[in-house]
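J.: Sequence and predicted structure below; questions after.
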Amino acid sequence: MNHRWIFIVWLFLGLLTLVGCEATTPAPAPVIYITATPESSPSAVSAPKTPAPAASVTPAPAALVCPPPTPMPANASLAARVQGEGISLDAYNRQAAQAQAAMVQNTGLDPQSASGQETLKSLKQQVLDQMISDLIIAQQAEREGIKVTPDALNARLAQMIQDAGSVEKLNEYMNKNQLTLADLCTQVRHQLLGEAMVNRITAALPTNVEQVHVRQILVATPALAQTLRDRARKGEDFAVLAKQYSLDETNKGNGGDMGWMPRGVLDPRLDAVMFDLPVNQVSDVISTQFGYHIVQVIEKDKARALPPELIQDARQKAFLAWLQAVRETLKIEKFVQP
């Protein structure tokens, strides 16, 4: 499954990061409630075994309060099942319709064309896969003793009303995207569970890692790369050569300066050279799918702080790797073929 599609589908289903679903019976574990307090966001995970008192919570306006979740009927038709727990066919059909309407509206896709039909078929498959992932995440959250309180749901709903500008504007959004209030609250519950699990899974990820400050020259032929390597090694200014010859428009104007790089951002063949290369030395020619590179390390740091966007990327990768690993251990049955 293409995991980038997961996040696209989440956006289509509610302009939120949707992760979670109905929970199973928890394994013995201390209960951790997701509560909303003035000192923390609505998705903060706190340790008490009882919810925070209502006085400490910012409630949603009375006009919009999340209803309690409706149990799935015992005889409901299923779209899929994970470890014996079902995903209703009705819920799947509604989410697929919502995702399709959002895609058509936001992209101008022609649903009657051959390419449009193929795109929508793929989208429906992604919706089903996402609902399965939602349920897996919720089951794992339940095993960890993580629960969402009504106060947290309504505090997040209140924030959405504030972001929209008014209750009326949020209602307009829901109508436009064929969402009921119960649908939206389910999405909020999914989001809160997902945020808690992301925090749990990625808590130990380092934020200070080994990095190198590097320049590169990228060219199309090995012969030119070797010539430039030799010229740089003989003392010509690497930055001047990069400005004159490099094909990488993102950094050639800066003399090939790519900034500080941790492992895993660039091609592994570049990493293998850069982190072993002495400072100021020019590398041998490195071949990748982009062409032929020579690099020069300007500085090294064994524990440099990662920028926020790379921290977020590392969290996403770690969480998706965890989700895939868990998914492979579970019995997953699909009963519809989008």
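T.: Happy to help now that I have it. Everything numeric in this text was worked out from a predicted model, so none of it was measured.
J.: And the helices in the stretch 1-150 of the chain, which stretches?
T.: Assigned by DSSP state H, counting those that start in this stretch, the stretch 1-150 of the chain shows helices spanning 3-14, 89-107, 114-143, 150-164.
J.: packing partners for the second one?
T.: Pointing back at helix 89-107 there. For helix 89-107, the elements it packs on are helix 3-14, strand 78-82, helix 114-143, judged by 3 or more C-beta pairs under 8 Å, 6 or more residues apart in numbering; DSSP states H and E. The C-beta positions use only the backbone N, C-alpha and C, and glycine is treated the same way.
J.: could you dump the ones you listed to JSON lines with distance to residue 68 and mean neighbour count?
T.: Output for the helices and strands packed on helix 89-107, formatted as JSON lines (distance: least, C-beta to C-beta, whole Å; neighbours: other C-beta atoms under 10 Å):
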{"stretch": "helix 3-14", "distance to residue 68": "19", "mean neighbour count": "19"}
{"stretch": "strand 78-82", "distance to residue 68": "22", "mean neighbour count": "20"}
{"stretch": "helix 114-143", "distance to residue 68": "16", "mean neighbour count": "20"}
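J.: Tell me which of these sits nearest to residue 307.
T.: Between residue 307 and the helices and strands packed on helix 89-107, the shortest gap by C-beta to C-beta is with helix 3-14, which sits at 19.9 Å.
J.: Tally up the residues packed near the nearest residue to residue 116 once chain neighbours are set aside, please.
T.: When the adjacent residues along the chain are set aside, residue 116 lies closest to residue 110, with 4.6 Å between them (C-beta to C-beta, 6 or more residues apart in numbering). Around residue 110 there are 12 other residues, counting by other C-beta atoms under 10 Å.
J.: Likewise for the one 3 residues further on?
T.: The number of residues packed near residue 113 is 10, by other C-beta under 10 Å.
J.: Tell me how far it lies from residue 181.
T.: Distance check for residue 113 against residue 181: by C-beta to C-beta, to the nearest Å, it reads 34 Å.
J.: again, but for residue 318
T.: Relative to residue 181, and taking C-beta to C-beta, residue 318 is found at 34 Å.
J.: Please apply the same query to residue 144.
T.: 28 Å.
J.: Compare those two (neighbour count), which wins?
T.: Higher neighbour count among residue 144 and residue 181: residue 144, with 19 against 15, using other C-beta under 10 Å.
J.: Could you report the separation of that one from residue 199?
T.: According to C-beta to C-beta, residue 144 and residue 199 sit 11 Å apart.
J.: And for residue 295?
T.: Residue 295 is 36 Å from residue 199, by C-beta to C-beta.
J.: now do residue 74
T.: Counting by C-beta to C-beta - residue 74 and residue 199 are separated by 34 Å.
J.: out of the two, which sits in the more crowded spot?
T.: residue 199 (15 against 6).
J.: Now the more buried one: which helix or strand?
T.: helix 181-202 (DSSP states H and E).
J.: Name the residues of that helix that are buried.
T.: 183-198, 200-202 (16 or more other C-beta atoms under 10 Å).
J.: Same check on stretch 221-241?
T.: Buried residues in stretch 221-241, counted by 16+ other C-beta under 10 Å: 225, 228, 229, 231, 232, 238, 239, 241.
J.: Counting by contacts, list what the strand or helix carrying residue 212 packs against.
T.: Using DSSP H and E, the element containing residue 212 is strand 208-219. Helices and strands touching strand 208-219, by 3+ C-beta pairs under 8 Å, 6+ apart, are helix 222-233, helix 238-245, strand 257-262, helix 268-274, strand 291-305.
J.: Could you dump the ones you listed into a markdown table with distance to residue 332 added?
T.: A markdown table is the format used below for the helices and strands packed on strand 208-219 (distance: least, C-beta to C-beta, whole Å):
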| stretch | distance to residue 332 |
| --- | --- |
| helix 222-233 | 47 |
| helix 238-245 | 50 |
| strand 257-262 | 34 |
| helix 268-274 | 31 |
| strand 291-305 | 39 |
